[in-house]
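*Asks:* okay, sequence plus prediction incoming.
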Amino acid sequence: MQLSKAKKFAISLFLALAMLVSASAADVASLIPIGHTVGIQMQADGVLVVHLQDVETGNGASCPARDAGVCEGDLILRVNDAAVSSNDGLQKQVALSGGQPVELTLAREDSTRTVTVTPCADRDGTYRIGVLARDSMAGIGTLTYVDPETGAYGSLGHGVCDSETGVLMPLRAGSLLYSVVGSVQRGKAGEPGALQGEFSPGNPLGTVEENTEYGIFGKLTDSSLYASLESVPVADAEEIRTGPAEIRANVEGDRVQTYSVQVVKVYPKDDVYGRGMLLHVTDPALLKQTGGIVQGMSGSPILQNGKLIGAVTHVLVNDPSRGYGISMERMLEAAG
């Protein structure tokens, strides 16, 4: 059967487009695994209430915020008509009230509400509402991957939460900073270890633009951590298998090394806790130095059969040689 010139052209065009789509998909499906620690600084979108405490006044103790219905974990967005983004700003607005009632606009879970609070004067005459709050956080984590075409990165594999309330830190702005590991607090049963990192605000690597349940995401503006590294394919969740794998981690100075692990269990995609896999560290060098997985290693990329399959997220408190990882598929879904 002979084809007309028009049909031949249409088929050729379709094949050419199909090849272009495949090439594009291959680009999207490959990323550079990194494994280097970074300093993480985040400023909250508001002021997060981490504790309610009594104010000692001349007439006894009281907590105006609690009495008005404020709860730990609430985010204070406004005092009267003034937006607040820092503890200093909150205290200033309360002090300016002169003891008159103020309206607090609060964010709680997925809704906002307004409550009226009447500040009271402490024994020094300063007006207070009985709130301890947090407006920023800083720490160390591990950079998981970067897309070399766009500079888009993912890190941690879990969200940055307030340590007191467990609330996901609502992000206003954030930055990544160059970090080195100064020392390691070795993990042992019942006592999770930690990397002791050193970083300077004067050495930014990029921005933090999203803080999600499955990682933080943003753009790298400095390519020094990945300029000499190569991309690898990204595995679908269905490709993850129990058996040997490896992680890339930075547990000394600024050197990233590869360590052997075992994927002990693969969890279903709809796991309610967001777990992708259970890992067991088998590398003698890593076990000797850290005891296994320690705080600060969250985000260490996991590779299996030459593909990027996920990131380390948590350590088992009673066995630091074991921990959880998130699949790269779920992490990328969180990145949007």
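*Replies:* Yep, it's here. Note that this is a predicted model, so its numbers are computed, not measured.
*Asks:* residues contacting residue 130?
*Replies:* Residues counted as contacts of residue 130 (C-beta atoms under 8 Å, 6 or more residues apart in numbering) are 52, 53, 54, 55, 62, 63, 64, 65, 66. (Each C-beta comes from the backbone N, C-alpha and C, glycine too.)
*Asks:* can I assume the last one sits in a strand?
*Replies:* Right, the one you point to is residue 66. No: when classified by DSSP: H, G, I helix; E, B strand; the rest coil, residue 66 is found to be helix rather than part of a strand.
*Asks:* any idea how far it is from residue 186?
*Replies:* According to C-beta to C-beta, to the nearest Å, residue 66 and residue 186 sit 41 Å apart.
*Asks:* ditto for the second one
*Replies:* Computed with C-beta to C-beta, the distance linking residue 53 and residue 186 is 36 Å.
*Asks:* same check on the fourth one?
*Replies:* According to C-beta to C-beta, residue 55 and residue 186 sit 43 Å apart.
*Asks:* higher neighbour count, the two?
*Replies:* The residue with more neighbours, out of residue 55 and residue 186, is residue 55; 21 against 16, by other C-beta atoms under 10 Å.
*Asks:* from residue 135, how far off is that one?
*Replies:* 20 Å.
*Asks:* low-confidence stretches in the protein?
*Replies:* Applying pLDDT under 70 to the chain flags the ranges 1-28.
*Asks:* domain ranges for it?
*Replies:* What automatic domain parsing lists as the domains of the chain is 30-43+138-335, 54-129.
*Asks:* most tightly packed of these?
*Replies:* domain 30-43+138-335 (a mean of 20; mean count of other C-beta atoms under 10 Å).
*Asks:* distance between the ends of that domain?
*Replies:* Start-to-end span of domain 30-43+138-335 (C-alpha to C-alpha, to the nearest Å) is 15 Å.
*Asks:* where's the residue lying closest to residue 243 once chain neighbours are set aside, which helix or strand?
*Replies:* Using C-beta to C-beta, 6 or more residues apart in numbering and skipping residues adjacent in sequence, the residue nearest residue 243 is residue 263, 6.1 Å away. According to DSSP states H and E, residue 263 maps onto strand 255-266.
*Asks:* any idea which helix or strand comes after that strand?
*Replies:* The helix or strand immediately downstream of strand 255-266 is strand 277-281, counting by DSSP H and E.
*Asks:* and that following strand with strand 255-266, angle?
*Replies:* 130 degrees (axes from the mean of the first three to the mean of the last three C-alpha atoms, to 10 degrees).
*Asks:* tell me what residue 168 is bridged to.
*Replies:* residue 161 (DSSP bridges).
*Asks:* state the distance from it to residue 106.
*Replies:* 16 Å.
*Asks:* ditto for residue 284
*Replies:* For residue 284, the distance to residue 106 - C-beta to C-beta - is 51 Å.
*Asks:* do the same with residue 237
*Replies:* Between residue 237 and residue 106 the distance is 38 Å, computed by C-beta to C-beta.
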